Each structure stands twice: as C-alpha cells, then as structure tokens.
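S.K.: After the sequence you'll find the predicted model.
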Amino acid sequence: MGFDLGSGLRTITGAASSIGSGAVQAMGTLNNITGTASRISDAINNVSSSVDAVSNLRSFNLPAGGDPISQFASGAALFTNTVSTVGNLAGAIGGLASALGGNGGGEWRARLTGRIGNLVFPFTPTIGISGGASYDEQPITHSNYAFYAWQNSKAESISINAPFYVTDSVEGQAWISAVTFLRASVKMFPDGNPPIILKFNAYGDHVFKDIPVIVRNYSVDLPNGVDYIASGASHVPIKSTMNVTLQPIYSREKVKNFNLYSFVNGGSAGFV
C-alpha cells in the first residue's frame with residue numbers, strides 16, 4: 001500500500017507538538033541531514049490545518065528516505081521526549097516526502113543548470129507557459145466556410161516570476177550568486193560562441209524535465225522600500241523579485257526523436 005497522506009500529516013502534527021522547544025535546538029545538529037530543522041518544526045507547529053502543513057512542507061528539501069531517515073531517527077536521543085515520538089516524526093516526513101515528491105523526496109524545485117553553474121529558485125515562483133500552432137487560411141470560391149492548412153507548431157516562451165527573500169549574509173551570498181548566474185546566462189563565451197543552452201527542471205518528471213532553454217531576458221528589482229543586508233562586500237535587499245523569460249530551443253536531431261504518442265503517455269522528458 002502507498003503512503004497514507006492524511007495519517008502521515010496527523011502523525012507529523014501530533015509528534016511535532018509533543019517534541020517541545022528543546023527539540024528545536026537539538027534539531028540544529030541535524031542540519032546536514034534535513035536542512036534547517038528548526039524551520040521544519042516551525043512550519044509544522046505554526047499551522048492550523050493539514051492543508052497548511054502540506055503547503056509549508058513543500059517549501060523544504062525533505063529527507064529522501066533510507067539512510068538519511070535512519071540517521072535522522074538515530075539523533076532522536078538528543079531530544080527530551082521519547083525516541084519513538086521523533087522516530088515517528090522522521091518516518092512520517094520521509095513518507096510524506098515520497099508522496100509529495102514522487103521520487104523519494106528528490107529535488108523538485110524550479111531550477112536552471114548548465115556549464116556555468118546552476119540556479120535553484122528557493123521560493124516557489126509563478127511560472128507561465130504557452131504554445132501555439134500556425135494555420136494558413138485557404139481562400140475557397142463559393143464557400144460558406146474557410147479552410148485552414150496547418151503550417152507548424154511551436155513552444156512559446158516560459159516566464160518565471162520568482163520572489164527572493166534574504167534573512168542573513170549566507171542567504172545574501174545565494175542572492176548574489178543567482179544574479180551573477182542570470183548575468184552570465186546571456187553573455188557569449190570568450191571564443192565568440194553564443195550564450196549557453198541551459199536545462200530547466202521543475203516539479204517532477206511530467207511537468208518540466210530537462211527542457212533545453214536559452215535566457216531571452218531577465219530583470220531583478222532592487223526596491224527602495226526594504227532593508228538591505230550586508231553580505232561580504234555587498235548589500236542585498238531582504239525582498240526582491242527576479243523575472244526570467246526562457247525560450248525552449250531544440251536541435252534538429254532532438255526534434256526528429258519527438259513522438260507524439262510517447263509524449264501523451266508521459267515520455268515528455270525534454271519537451272514542452
């Protein structure tokens with residue numbers, strides 16, 4: 001049987017409420033396994049419903065299961081409550097990660113990757129996609145209706161509107177890296193080659209999977225109505241928005257391998 005989402009959420013909320021404030025401090029030692037554990041605890045405790053719990057948990061990289069979960073459970077001795085309580089919480093989180101991620105809690109966030117590095121959007125962006133088909137109208141004499149001949153189909157641009165929040169100097173460095181990545185993505189190489197083709201992934205294998213894209217344009221706002229945090233030799237805004245327009249781009253060889261029946265049945269890797 002699969003993971004019972006409702007039961008898992010009840011286990012998570014019940015276990016989290018019983019761990020106590022001492023658990024938050026102890027969970028800090030497990031950051032290398034679960035990310036910022038205190039934020040996970042807060043995300044679970046500061047909700048009023050199971051739906052809110054799911055929404056909050058989706059913003060974290062949850063443990064993928066297996067060995068990380070066993071390490072997480074073995075650290076339960078650090079807590080003031082029982083090992084079984086924390087073990088149940090760890091198991092529930094692992095099961096929920098599998099249920100939500102579809103791949104054992106793997107990376108599902110929107111991200112761009114390429115030879116120049118990678119950019120992971122840390123907060124859920126607004127993504128817009130569109131497509132179209134071109135038809136030529138065929139004028140027919142003495143006809144009540146026009147006839148149309150299909151010419152071609154195309155994948156339109158992908159728009160990303162991504163919020164970015166910074167709370168400390170470490171996150172400030174992540175902001176600087178993101179902006180540097182966007183700047184570099186539209187620059188040619190020293191030998192004159194055009195800007196790099198990136199891979200776009202988001203939300204699992206059947207939404208955006210290894211889509212080859214180029215960055216058509218980007219913009220980053222640095223508003224004057226927010227505070228700025230020192231990060232190294234720079235200052236970055238605590239709240240900003242990054243807008244990126246991506247254009248799917250395919251080689252002739254890639255297009256030759258497209259199969260509509262495979263695409264309809266889930267074999268959509270690389271295509272939109």
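M.R.: Arrived safely, thanks for sending.
S.K.: distance between the ends of stretch 240-256?
M.R.: The first and final residues of stretch 240-256 sit 41 Å from each other (CA to CA, to the nearest Å).
S.K.: buried ones in it?
M.R.: S240, T241, M242, N243, V244, T245, L246, P248, Y250 (16 or more other CB atoms under 10 Å). C-beta here means a position set from N, CA and C on the backbone, and glycine is covered the same way.
S.K.: pLDDT averaged over it, what's the number?
M.R.: Confidence for stretch 240-256, expressed as mean pLDDT, is 94.
S.K.: got the contact list for it?
M.R.: Contacts of stretch 240-256 with the rest of the structure, by CB atoms under 8 Å, 6 or more residues apart in numbering, involve 112, 121, 155, 157-164, 166, 175, 178-179, 182, 197-198, 200, 211-223, 226, 270-272.
S.K.: one step back: give me the subset of the buried residues of stretch 240-256 that lies in strands.
M.R.: Using DSSP state E, the members of the buried residues of stretch 240-256 that fall in strands are S240, T241, M242, N243, V244, T245, L246, P248.
S.K.: May I have the distance across stretch 157-177, first residue to last?
M.R.: Distance between the boundary residues of stretch 157-177 (CA to CA) amounts to 24 Å.
S.K.: what inclination does the longest strand along the chain have with respect to strand 239-248?
M.R.: When every strand of the chain is counted residue by residue (DSSP E), the longest turns out to be strand 208-221. Here strand 208-221 runs at an angle of 130 degrees relative to strand 239-248 (axes from the mean of the first three to the mean of the last three CA atoms, to 10 degrees).
S.K.: Which neighbours in the sheet does the helix or strand following strand 208-221 have, and how are they oriented?
M.R.: Tracing the chain past strand 208-221, the next element assigned as helix or strand by DSSP states H and E is strand 228-231. Partners of strand 228-231 in the sheet, by DSSP bridges, are strand 234-237 (antiparallel).
S.K.: re the thing from before, just the buried residues out of the contacts of stretch 240-256, in ChimeraX syntax.
M.R.: For anyone working in ChimeraX, the buried entries among the contacts of stretch 240-256, judged by 16+ other CB under 10 Å, can be selected with:
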select :112,121,155,157,158,159,160,162,164,166,175,178,179,182,198,200,211,212,213,214,215,218,220,270,271,272
